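Engineer: compute the structure for the input listed below.
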Amino acid sequence: MELLGPGLGREAIGLRSRRAGGVGARNGHAFGGQQFSPGRDEVNPQASRDCAVEGFSQAGITDPRSEIDAVEMYVPFSWYEPMWLESLGFSEPDRGWQMVEDGSTDIDGGDLPVNCSGGVLSSNPIGASGMIRFAEAALQVRGMAGDHQVDGARRAFGHAYGGGAQYFAMWVVGADKP
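Structural biologist: Numbers count the residues shown, from 1 in each chain. Modelled structure (predicted):
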């Protein structure tokens, strides 16, 4: 999938295209048609882990924390950030909170800037929120994120989920051809 600017194509506007290096999509199970069922892990859903493994594998990423420059995650409540950092493989289990607390996820000085756009906490148009995360990831690697641009971002991660953490979609987009 090539990401081009508006207009007549990259030649007309002088932009290099960017490519999606890995895409994942998964849905979890619902017991008896119920979204929340006994035994289903709401904090670290299997579908989230599987989706991350698929997307990172397609992009050739073996160490997400060191190989991703910017992350746009669907974080509707502050406690979701450490939860998703763990579930998506950016942090060891039970250590996502430390990344947030020690500034690892900050745009200024963090080694894994998360939601530099403000994320879903600053704007949550239901239905579009997930696609906005993907668009923000693409803006990062195109150098078009404005005031929230991560300097030198070459690979970015976009994340969306819905249905009570039952459905997941993610992508890795890069400035370089995979």
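Engineer: please count neighbours and contacts with C-alpha atoms only from this point.
Structural biologist: OK.
Engineer: so how far is residue 116 from the residue nearest the centre of the chain?
Structural biologist: The chain has residue 158 as the residue nearest its centroid, 2.7 Å off, counting by C-alpha atoms, centre = their mean. Taking C-alpha to C-alpha, to the nearest Å as the measure, residue 158 falls 12 Å from residue 116.
Engineer: before we move on, what about residue 48?
Structural biologist: 22 Å.
Engineer: which one's more surrounded, those two?
Structural biologist: Taking other C-alpha atoms under 10 Å, residue 48 and residue 116 do not tie; residue 48 has more neighbours (28 against 22).
Engineer: I figured the more buried one hits residue 87, correct?
Structural biologist: Yes - counting by C-alpha atoms under 8 Å, residue 87 is a contact partner of residue 48 at 6.5 Å.
Engineer: now list whatever residues contact both of those two.
Structural biologist: Common contacts of residue 48 and residue 87 (C-alpha atoms under 8 Å, 6 or more residues apart in numbering): none found.
Engineer: now do the contacts for the residue nearest to residue 112 when sequence neighbours are not counted.
Structural biologist: Distance criterion C-alpha to C-alpha, 6 or more residues apart in numbering; nearest residue to residue 112, sequence neighbours excluded, is residue 105 at 4.9 Å. If you count contacts by C-alpha under 8 Å, 6+ apart, residue 105 has them with 99, 111-114.
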